[in-house]
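Asks: dropping the sequence and predicted coords here.
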Amino acid sequence: MEDIKKCILIMAGGKGTRFWPQSTDEKPKQFLNLVGEKTMIQETFERVNKKIPSNQIFVITCEKYKKLIQEQIPELPIKNIIIEPEGRNTAPCILLSTLYIKQIFENVNITVLPADHIISNINDFLETLEVANCFVGNNKGTIVTIGIKPDRAETGYGYIKKSDEKVYLNKKEIIKVEKFVEKPNIEKANEYLEDGGYLWNAGMFVFNADYMLEELKDNFAEGYKLLKELPSIESDEYKIKLKENYNKCESISIDYAVMEKTNNIHVIPSDFGWDDIGTWKALQRYIKPDEASNIIKGEVKTFNSSNNVVYAGNKEIILLDIDNIFLIESNDVIIVGKKEEISKVHELRKVK
């Protein structure tokens, strides 16, 4: 394989509204330590930094979060923080980032990762990315996505349908994608699980920069024209022209713009302990319960209380003689409810 730089692009501009009230517009989910001691973006960076040097890791975000990124990832060069003038979904985000990275590394593969996912088996995850990069390096005209083997009927994720066409590389299956499927209802999700031919779409993928730009030129033509004419990232006019042109780009996902239109996508089925921690309910999968089956994060004391979920942000919480509730405390609000209704918390954000 010819000498190709391997770069990581971490997407970190999301608002994380489903983790309100802890996740706010000022400090969204990716900058919080919801599960571990480190924040989610710190864990994402450190995970890939084991194999990829920091000067080949990029983060795309908005101006508002630039300072947070600098504080939480001081090892990241400032020029490796790519600023979106505003959120326009993932197609403009990836187009802008690919053009930006290409100005620094001419011949480059890019791995796109969300900033706020959990990976339990880091070694297997890194091996999977290595295989994906190797395959793309030898087959520039393809995109490799990472599909997660489902262990439950999940309605919160999109799915990837596998074809029968496959090859093996370093003992990993690389399978041609038949199609992408939207988030299903529970009946369809059960069908997909029983079928065995579907994987969760984790929003992680690897591509050669030149090939992705060709696909975006063909399938996201107006956006491509707007951003391709941007001046050098070192020039004084770059930010001015970027703001002017970026806001004219259609707000569309990379799945709609490219993935569902191209025939050259492969998937690596994976099982490295992935979770996007999409709702408060997901914390119960990653925080070990105490002896009374309480899920606790923060300064919490319990007395004769069981089967509760408690997230203490700033204050000490004490539970006395209470079962089967959730309690979420932040600077602005305390929310209490039945444990089984914890996934509804984000809906309260609209009526607060």
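Replies: Here it is on my side, so go on.

Asks: looking at residue 352 now. What's its pLDDT?
Replies: Here, the pLDDT recorded for residue 352 equals 56.

Asks: can you tell me how far the residue lying closest to residue 29 once chain neighbours are set aside sits from residue 279?
Replies: Spatial nearest neighbour of residue 29, chain neighbours left out: residue 16 (2.7 Å); criterion: CB to CB, 6 or more residues apart in numbering. Bear in mind the C-beta positions are built from the backbone N, C-alpha and C, glycine included. As judged by CB to CB, to the nearest Å, residue 16 and residue 279 stand 11 Å apart.

Asks: same question, residue 218
Replies: Relative to residue 279, and taking CB to CB, residue 218 is found at 36 Å.

Asks: before we move on, what about residue 107?
Replies: In terms of CB to CB, residue 107 sits 41 Å off from residue 279.

Asks: which stretches of the stretch 101-250 of the chain form strands?
Replies: Secondary structure of the stretch 101-250 of the chain (DSSP state E, counting those that start in this stretch): strands at 108-114, 118-119, 143-148, 159-169, 172-181, 198-208.

Asks: now do the last one, average pLDDT.
Replies: Along strand 198-208, the predicted local confidence has a mean pLDDT of 95.

Asks: got the contact list for stretch 211-222?
Replies: 91, 94-95, 98-99, 102, 110, 140-143, 223-224, 228, 249-250, 252, 257-258, 261-262 (CB atoms under 8 Å, 6 or more residues apart in numbering).

Asks: name the residues of that stretch that are buried.
Replies: 211-213, 215-216, 219-220 (16 or more other CB atoms under 10 Å).

Asks: tell me how far that stretch is from the chain's mean position?
Replies: Relative to the centre of its chain, stretch 211-222 is centred 22 Å away, using CA atoms, centre = their mean, to the nearest Å.

Asks: what does stretch 218-227 give?
Replies: 24 Å.

Asks: so where's this structure uncertain?
Replies: Applying pLDDT under 70 to the chain picks out residues 1-2, 350-352.

Asks: all helices of it, in order?
Replies: Residue ranges of the helices in the chain, as given by DSSP state H, are 40-49, 66-72, 90-104, 122-138, 186-195, 209-219, 221-228, 238-246, 254.

Asks: ranking the ones you listed by burial, who's on top?
Replies: Mean neighbour count, computed with mean count of other CB atoms under 10 Å, is highest for helix 254 among the helices of the chain, reaching a mean of 24.

Asks: center of the protein - which residue?
Replies: Most central in the chain under CA atoms, centre = their mean is residue 114, positioned 2.1 Å from the mean C-alpha point.

Asks: tell me what it is bridged to.
Replies: Assessed by DSSP bridges, residue 114 has beta-bridge partners residue 11.

Asks: for it, what are its contacts?
Replies: Residue 114 neighbours (CB under 8 Å, 6+ apart): 10-11, 14, 44, 203-204, 276.

Asks: okay if I get those as a markdown table plus distance to residue 305?
Replies: Putting these into a markdown table (distance: CB to CB, whole Å) gives the following:
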| residue | distance to residue 305 |
| --- | --- |
| 10 | 39 |
| 11 | 39 |
| 14 | 34 |
| 44 | 34 |
| 203 | 38 |
| 204 | 39 |
| 276 | 30 |
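
Asks: from those residues, which is closest to residue 349?
Replies: residue 14 (14.6 Å; CB to CB).

Asks: report how many residues lie close to the closest one.
Replies: When neighbours are defined as other CB atoms under 10 Å, residue 14 has 17 of them.

Asks: for it, phi and psi?
Replies: Torsion angles at residue 14 (phi, psi; degrees, to the nearest 10) stand at phi -70, psi 160.

Asks: so it is in contact with residue 29, correct?
Replies: Yes. Under the criterion of CB atoms under 8 Å, residue 14 makes contact with residue 29 at 7.1 Å.

Asks: now for these two: what residues contact both?
Replies: residue 116.

Asks: residue 198 pairs with what?
Replies: Residues in beta-bridge contact with residue 198 (DSSP bridges): residue 161.

Asks: show me what contacts it?
Replies: 150, 159-162, 181, 192.

Asks: quick one: residue 25 from residue 66, how far?
Replies: 15 Å.

Asks: before we move on, what about residue 172?
Replies: For residue 172, the distance to residue 66 (CB to CB) stands at 36 Å.

Asks: residues contacting residue 51?
Replies: Residue 51 neighbours (CB under 8 Å, 6+ apart): 126, 129-130.

Asks: for it, phi and psi?
Replies: According to degrees, to the nearest 10, residue 51 has phi -120, psi -30.

Asks: give me the distance from stretch 137-151 to the chain's centre.
Replies: On CA atoms, centre = their mean, the centre of stretch 137-151 falls 16 Å from that of its chain.
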